[in-house]
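Engineer: heads up, no residue letters with this:
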């Protein structure tokens, strides 16, 4: 029954995305519009061409950045920004109520995070920085994990990065409050770099550990390779991270293939899904640059967790990394030893087993016990449902 439901869910999701692609082709939308190059400038020009002038004759224009989609180039203009959290929200044991709270309080901190007077101890010398993913925020991603990491004796810090409006290239998801991680990933990486420097200065620590979900893991890896992060990070722990891109049930791979034969279908959908999502399609120029020198950097211990029920980061193997010189990688499938954990992409961060894996990776001894509990797909529930 589980396998049947999972297959049906994949088919429905794939059909929904495929319907959107086919509808665009069938109505002639792709042919009717000028070909969009896969650049932020092209996106800005496309949006400008669709915006009507105001009654007084003024016309709003999109702002384009020219150097952030891959590598470490610095653009002269920024199309995204980060923000500090404001106050602490309540602890949640399931993703759906956390999502609702995050809509009403888009800049809330997860419990016990961003207490800037926190000082690391000799046993826990590295503060832990939490990085959310695409269309998410610090609170709705980490309201379950954050207090548990703090209660284990760690100083915990987080931010909301990659905030970008629709006309800046953030896509339709950016219309909702608290839907961050939508701006160019190179810009987000630099925002994270600035934040980590603040954490190190405030705590007096030499290094941080990072826990990244989805795009957050990829941003952390980009920071290590291109934004001065090497030497400042001891451990990187990721959940459902898009380290090598995603096929999104094969639909994104199809889009990349169509792009490669000269029909810019990804450019057509860029104003809808946003710059960061286009960059995360498997085979994108962003990943060509990110992984050109290997998956890892020396001196960092990587713990990489994926779920068989993840409908976003798939196929599962694309989240896993291969260790290069001077690095260690522990690739973990969430269901190994705990088949009743049905966590998908979002509810993974509300899985007792996922949190226990993070705590074990952070544990100086590394022998913290692993939990195993039923965590339903879509709803989550911290093992209490």
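Structural biologist: Here it is on my side, so go on. Nothing here was measured: the structure is a model prediction, and the numbers come from that model. Numbering: from 1, shown residues only.
Engineer: please make it C-alpha for all contacts and neighbour counts, starting now.
Structural biologist: Fine.
Engineer: what about the helices in the stretch 51-200 of the chain?
Structural biologist: Assigned by DSSP state H, counting those that start in this stretch, the stretch 51-200 of the chain shows helices spanning 95-104, 138-142, 145-151, 185-203.
Engineer: now, of the ones you listed, which is deepest in the fold?
Structural biologist: Mean neighbour count (mean count of other Cα atoms under 10 Å) peaks for helix 138-142 among the helices of the stretch 51-200 of the chain, with a mean of 29.
Engineer: same for it, what does it pack against?
Structural biologist: Under the contact criterion of 3 or more Cα pairs under 8 Å, 6 or more residues apart in numbering; DSSP states H and E, helix 138-142 touches helix 95-104, strand 128-131.
Engineer: kindly reformat these as CSV containing mean pLDDT and distance to residue 378.
Structural biologist: Shown next, in CSV, are the helices and strands packed on helix 138-142 (pLDDT from 0 to 100; distance: least, Cα to Cα, whole Å):
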stretch, mean pLDDT, distance to residue 378
helix 95-104, 92, 8
strand 128-131, 98, 21
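Engineer: residue 376 is nearest to which of those?
Structural biologist: When the helices and strands packed on helix 138-142 are ranked by distance to residue 376, counting by Cα to Cα, first place goes to helix 95-104 at 10.8 Å.
Engineer: what's next to that closest one, contact-wise?
Structural biologist: For helix 95-104, contacts defined as Cα atoms under 8 Å, 6 or more residues apart in numbering pick out 92, 108, 137, 139-141, 143, 176-178, 346-347, 349-350, 379-381.
Engineer: now a PyMOL select for only the buried ones of those residues.
Structural biologist: In PyMOL, a selection of the buried entries from these looks like this (16 or more other Cα atoms under 10 Å):
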select buried, resi 92+108+137+139+140+141+143+177+178+346+347+349+350+379+380+381
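Engineer: picking that back up, and the helices and strands packed on helix 138-142 as a markdown table, adding distance to residue 223?
Structural biologist: Rendered in a markdown table, the data for the helices and strands packed on helix 138-142 read as follows (distance: least, Cα to Cα, whole Å):
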| stretch | distance to residue 223 |
| --- | --- |
| helix 95-104 | 26 |
| strand 128-131 | 12 |
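Engineer: what's the angle between the helix or strand where residue 234 lies and helix 185-203?
Structural biologist: Following DSSP states H and E, one finds residue 234 within strand 233-239. Angle between the axes of strand 233-239 and helix 185-203 is 130 degrees (criterion: axes from the mean of the first three to the mean of the last three Cα atoms, to 10 degrees).
Engineer: using JSON lines, lay out the helices of the stretch 51-200 of the chain together with distance to residue 338.
Structural biologist: Output for the helices of the stretch 51-200 of the chain, formatted as JSON lines (distance: least, Cα to Cα, whole Å):
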{"stretch": "helix 95-104", "distance to residue 338": "20"}
{"stretch": "helix 138-142", "distance to residue 338": "22"}
{"stretch": "helix 145-151", "distance to residue 338": "19"}
{"stretch": "helix 185-203", "distance to residue 338": "33"}
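Engineer: lowest-confidence stretch among the ones you listed?
Structural biologist: Of all the helices of the stretch 51-200 of the chain, the minimum mean pLDDT falls on helix 95-104 (a mean of 92).
Engineer: so how far is that helix off the chain centroid?
Structural biologist: A distance of 17 Å separates the centroid of the chain from that of helix 95-104, by Cα atoms, centre = their mean, to the nearest Å.
Engineer: quick one: residues contacting residue 144.
Structural biologist: Residue 144 touches 91, 92, 93, 94, 110, 349, 350, 382, counting by Cα under 8 Å, 6+ apart.
Engineer: next one: it from residue 119, what distance?
Structural biologist: 22 Å (Cα to Cα, to the nearest Å).
Engineer: what's the answer for residue 163, then?
Structural biologist: Residue 163 is 29 Å from residue 119, by Cα to Cα.
Engineer: rewinding a little: and which of the contacts of residue 144 is nearest to residue 212?
Structural biologist: When those are compared against residue 212 (criterion: Cα to Cα), the nearest one is residue 349, at 10.2 Å.
Engineer: doesn't the closest one lie inside a strand?
Structural biologist: No: counting by DSSP: H, G, I helix; E, B strand; the rest coil, one finds residue 349 to be helix, located in no strand.
Engineer: state the distance from it to residue 334.
Structural biologist: Counting by Cα to Cα - residue 349 and residue 334 are separated by 11 Å.
Engineer: what's the answer for residue 150, then?
Structural biologist: 22 Å.
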